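Engineer: I would like to see how this sequence folds:
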Amino acid sequence: MTRRFVHVLFLLMLGISACSEQVVVRETESSCGNGELETGEACDDGNEINTDGCTKSCDLARCGDGVTRTDQGPDETGFEACDDGNDENHDACLNTCQLADCGDGVLRIDLTEGSGNYEACDDGNDSDTDACLNQCVPARCGDGLVRDDVSLGEPGYEACDDGNEIDGDACRNDCTEPVCGDGLLGPGEGCDDGNEDPTDACHNCQPTRCGDAVIQDGERCDDGNAIDSDACLSNCAPAQCGDGVLFEGVEACDDGNGDQRDGCTGTCELARCGDGILRADLGSDEAGFEACDDGNEADDDACRSNCRVARCGDGVLWQGIEGCDDGNRNTMDACTNACERARCGDGVLRRDLAPDDVGYEGCDDGNENAADACAENCRPARCGDGIVWEGVEACDDGNDRGGDGCSNECLVSFCGDGEQSDGEDCDDGNEDDQDACTNACELARCGDGIVRLDAEAPEECDDGNADDGDDCLPNCMEARCGDGVLWIDEEDCDDGNASNEDGCLATCLVAECGDGFVQAGVEDCDDANDDNQDGCNEDCELLADYVFGQHDFTPCGASGGNGPQLNSCQQVYQTDWAENPNLYDVIDGVQRWRVPSTGRYRIEVSGAQGGVNHVGDPGGSGARMQGDFSLQQGDLLNIIVGQQGEISPQGNVANGGSGGGGGSFVWVEGSDRPLIVAGGGGGSGLRNPGAPHYLGRPGVTGPDGSRSRDDRGLGGSNGGDAPNEGGRGWNTVRNQPVGHAGMNQYGGQGGFGGGGGGGYGTCGNRQHTAGGGGGYSGGGVAVDCYYAAGGGGSYNSGDNRESEEGQRDGDGLVTITRLP
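Structural biologist: Have a look, this model is predicted:
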């Protein structure tokens, strides 16, 4: 079989001597078997197996190509049990690539009578009572099988067929049944005079004087009794097989018919496998069924001892017909699916043996060509076996020594063959020019103009020169801002550090006023704008009246659910920066303060207390949190100072619960996470002798708000809200800081900062209960009457953290301090 492979073999100069040597350049075309579909190929699966869906000639396998496929099971599309490569449908292999078998409806004409598997007929059905028996022989009277495909009066009709030559039993030799009055004595007849005269000596096939114990003329016997199971029947007929009466002690059965193939034979013996009579009264799934019966106990002929037809694949060797039979459908073991012994050269790859076992095959292409991909001993061709694989190997010297003219890959030696030869520093056998060995077979080095990528510290670049002012440094690192080397035409400066406070910024630009970075010793401040009203003027000088030390942010006199107003806070704070709208503002109760200079700041926040009830029982105290933060000049901080929850607006003991205290929050404008949060305390509930848990729960230091009761409270989720009167959490407070309104006219309103409203009314709808504290997660509320509410959760993303649970009474507080 011709195979085409792509191989470009390099020109080898063996040297110049007195005798000129011939240089051979070998070149072949595209290769069938390389796994790539090319022009002229219907398929290419890249292997040497000829018995799968793609042959070694790169043609799609098909029934009739003369190669039996072995890669499909019997139930899979494309399965072949045989393939003789011809169009003859009447030989051992059908045109459907299935083994010929009696009953397939195709008459074999390649065998002579007497040969195994010979067929005289084949009607392709399972009926054994028509003109062609299941053994593919014609039906005949006397074969023991009653035909049912013809009617009375038609040629071949049989009323019975007991398969013997006895004419006086239940079935005559012409396959007709005995009838009283036919003038012939049959089983069970005492006489038969062939007439219907009731006045003569024989009437209804019984002698007229039968029963007197005297054998008269015309009587065959007369024992004078009415017993039918002895030697003489009550009608003076001798007991006989086929008379339909069991002769005790003599007959095993007697069904009175001429059918040899039911449970009782024509000799009145019980049918059994091995009696030579094929039983036909049972279905294939019934006990006693026989597919054949040759009357012997041999298990290696056409009919097995269990009365099953021998077949290839039944696991029993059929002598003279099968070379083997292992009972499986694996065509790659010692016995093929055609029941032939596997052998090297049969074109079927055997896979049931280990490489060291006798008979092992690594391949089997069905030919004796030693120079192709499969050697004569069924071992795959390989470089180093000493045999030149035509079209694949340029040479094969049978050794593993390099530098001898033929490489270990069976190629003429050249740079790139993976074997170091004279004149080569290295040879790694690949086409990667960026590893330790270049494609010129030289050791890679920084400065050779090739970027090496496989080293532990790979080269970022290699421009092959020693110029340290271009984009690739002499150490083969890419020029970058911060490497300490000035990149000409790209950088203004490069001092090799990441500091933005010296004369060269981390972006390799020369520092200047207005770049947003404070140059130490040169600038007091740098807010990157020309606004002279924000504390840092356009000359980067810090305004004297905006030197910040510490400040307490309060509700500025506001109470209840709504936060402070700008004018109120300006009156309370009495600072210059509070009067500057660029530095300070209040929007919807949220105080907005701009950081005056870059540095470290300590922020201490306390949540507000929950509201008291009408008998003075206190609400939960707010939590205190403290942390240190790095802030940038110009950062805009949003500040919510929690306000204490309100008492129920009506003044008697029976009224509703108070509102929850608001949480205190600080976050940078534009951020979706807070810097720090302190939870407010839960409101105090209505006092009742049956409900002792009326004191508000304090704000907690963890992120999750506390519950009203250990077993029934509805705590707010992390960063979320509890429903109804629960305190609000971060996700809601930053957009809706107003405290919840109280339920009904008696519930106390929650404090500004997410405090939950109190409730009042008949029990059953969480009324007479207090509101939860606001916080990073809102405090929970009770589902029972009279209970206090849980405190809000807290959050701290700063350094040097401090936290205290339930430390703040009254309104909340936020204190910001500039650290040295």
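Engineer: Now do stretch 445-453: distance to the chain's middle.
Structural biologist: Distance, stretch centre to chain centre, for stretch 445-453: 44 Å (C-alpha atoms, centre = their mean, to the nearest Å).
Engineer: Let's see the distance spanning it from one end to the other.
Structural biologist: Its first and final residues considered, stretch 445-453 spans 11 Å by C-alpha to C-alpha, to the nearest Å.
Engineer: Report the mean per-residue pLDDT for that stretch.
Structural biologist: Within the predicted structure, the mean pLDDT of stretch 445-453 is 90.
Engineer: what's the answer for stretch 475-490, then?
Structural biologist: Mean pLDDT, computed over stretch 475-490, is 90.
Engineer: Next, the distance between the ends of that stretch.
Structural biologist: Between the opening and closing residues of stretch 475-490 lies a distance of 19 Å (C-alpha to C-alpha).
Engineer: what's the answer for stretch 218-228, then?
Structural biologist: With C-alpha to C-alpha as the measure, the ends of stretch 218-228 fall 19 Å from one another.
Engineer: Show me what that stretch is in contact with.
Structural biologist: Under the contact criterion C-beta atoms under 8 Å, 6 or more residues apart in numbering, stretch 218-228 has outside partners 185, 190-191, 193, 201-202, 207, 209-216, 230-232, 234, 236-238, 245. All C-beta atoms are positioned from the backbone trio N, CA, C, and that covers glycine.
Engineer: buried set for stretch 273-287?
Structural biologist: Going by neighbour count (16 or more other C-beta atoms under 10 Å), the buried part of stretch 273-287 is C273, D275, I277, L278, R279, A280.
Engineer: Go through those residues and name the one nearest E419.
Structural biologist: The shortest distance between E419 and any of the buried residues of stretch 273-287, using C-beta to C-beta, involves C273 and amounts to 72.4 Å.
Engineer: Run through the strands of this structure in chain order.
Structural biologist: Counting by DSSP state E, the chain has strands at residues 202-203, 206-207, 550-553, 584-587, 590-594, 599-606, 622-631, 636-640, 664-668, 676-678, 795-796, 799-808, 813-818.
Engineer: who touches the second one?
Structural biologist: It stands for strand 206-207. For strand 206-207, using C-beta under 8 Å, 6+ apart, the contacting residues are E189, G190, C191, A201, Q216, G218, E219, D222, N235, C236, A237.
Engineer: now for the residues you listed, which pair is the farthest apart?
Structural biologist: Using C-beta to C-beta, the contacts of strand 206-207 reach their maximum pairwise distance at E189 and Q216, which is 16.0 Å.
Engineer: Give me the more crowded residue out of those two.
Structural biologist: A side-by-side neighbour count of E189 and Q216, using other C-beta atoms under 10 Å, places E189 first with 26 against 13.
Engineer: what about the stretch 551-700 of the chain, any weak spots by pLDDT?
Structural biologist: Counting by pLDDT under 70, the stretch 551-700 of the chain contains low-confidence ranges at 650-656, 687-696, 699.
Engineer: Now do the helices in it.
Structural biologist: Under the criterion DSSP state H, counting those that start in this stretch, the stretch 551-700 of the chain contains helices at 566-573.
Engineer: The protein: helices as residue ranges?
Structural biologist: Listed in chain order, the helices found in the chain under DSSP state H are 566-573, 730-733.
Engineer: So what's the gap between the longest one and the chain middle?
Structural biologist: Relative to its parent chain, helix 566-573 has a centroid offset of 66 Å by C-alpha atoms, centre = their mean.
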